[in-house]
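Colleague: Have a look at this fold, sequence not included:
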């Protein structure tokens, strides 16, 4: 196994006291001296800066790029207006998901942001499925996320004009000669921005943001608890090659035009399964789970219909403590139709502990619409 790759801001993370761990093939900060709980709550209250440069930034160019990409995703790519971004799912032939991603219409090209652990596999799928198009993964740009209710105030002071952006807008800005590609989005359930910045200027830009008393560096630990509270799936846990978008409760991301009866229904890998599940329901579905007591239920805990049942009916895919909720929270898969309030039992080290099915999210997102 090769050594983890260093992020462009590795020296800054070391200076800030970041505890580095291997993640998605990279050496990344899991937390800083303040600790995961403080970092999480700071993002909910003020603003946090995340280094997500491990993620893949992919540019698609060529005639008919939107129409071609639509052949790989079950979403409306053709109808995405210039200057806008949308959540998408890269599909596999059996209806499972190869990766979830964001794609933006930047006028003369489409920009995709894909998960770091999956980016090389994604490139193979994209290049095979988009013949005739230029498919380029950028290696000269870092990616930062500024998240939290004060993100707008902090970034507007540095980059005038970002405050006018709405959720899922994308625009380019200049900062001291650096070409910034900014989207108003993120994966925390808070308002905020993701900022693609040339590597040469990334450290200076990050330091300028951190100079604000309202901004704290945030690691992977708080990123995970923030997205869990917001009910957002993590690829590799809550979303995998075996799980369909409908099972993952991501049907909202499949627009009417791509569904049965729509003008551009189907035509993507796994369409037969996905459209059938949209019309008739899947066998299982991702839900929120509230364990009783203070002990978290983590990924891999099996779920049972009673405290004496021998056959599991579901499984936990993500779990931990929700600092904003003040209690353990989890997500997992249970039979479709299991109603909110149903009490199941998770097997934690041989003990059957009660857990209640609940609606997602645990923390209501606060985006600027």
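Modeller: Arrived safely. What you see is a predicted model; the values in this text were computed from it and never measured.

Colleague: distance of residue 213 from residue 252?
Modeller: Going from residue 213 to residue 252 by CB to CB, to the nearest Å gives 37 Å. Where C-beta positions appear, they are placed from N, C-alpha and C, glycine not excepted.

Colleague: scratch that, residue 331 is what I was asking about
Modeller: 16 Å.

Colleague: what about the two, which has more around it?
Modeller: Higher neighbour count among residue 331 and residue 252: residue 331, with 26 against 8, using other CB atoms under 10 Å.

Colleague: Can you name every helix or strand that the host helix or strand of the more buried one contacts?
Modeller: Assigning secondary structure by DSSP states H and E places residue 331 in strand 327-335. Based on contacts counted as 3 or more CB pairs under 8 Å, 6 or more residues apart in numbering; DSSP states H and E, the elements that strand 327-335 packs against are helix 220-229, strand 284-291, strand 314-322.

Colleague: List the contacts of the first one.
Modeller: In this structure, residues lying in contact with helix 220-229 by CB atoms under 8 Å, 6 or more residues apart in numbering are 21, 23, 28-31, 36, 39-40, 43-44, 48, 50, 147, 187-190, 234, 318-325, 329-331, 361-363.

Colleague: angle of it against strand 284-291?
Modeller: Helix 220-229 runs at 110 degrees relative to strand 284-291, counting by axes from the mean of the first three to the mean of the last three CA atoms, to 10 degrees.

Colleague: average pLDDT for helix 220-229?
Modeller: In this model, helix 220-229 has a mean pLDDT of 98.

Colleague: now swap in stretch 337-355 and tell me
Modeller: For stretch 337-355, mean pLDDT rounds to 96.

Colleague: Can you get me the start-to-end distance on that stretch?
Modeller: By CA to CA, to the nearest Å, the extent of stretch 337-355 from end to end equals 17 Å.

Colleague: Ok, stretch 164-172 next?
Modeller: End-to-end for stretch 164-172, by CA to CA: 13 Å.

Colleague: In that stretch, which residues are buried?
Modeller: By 16 or more other CB atoms under 10 Å, the buried positions in stretch 164-172 come out as 165, 167, 168, 169, 170, 171.

Colleague: Please narrow the contacts of helix 220-229 to those residing in strands.
Modeller: 21, 23, 28-31, 48, 50, 147, 318-322, 329-331 (DSSP state E).

Colleague: No further queries at this time; thank you.
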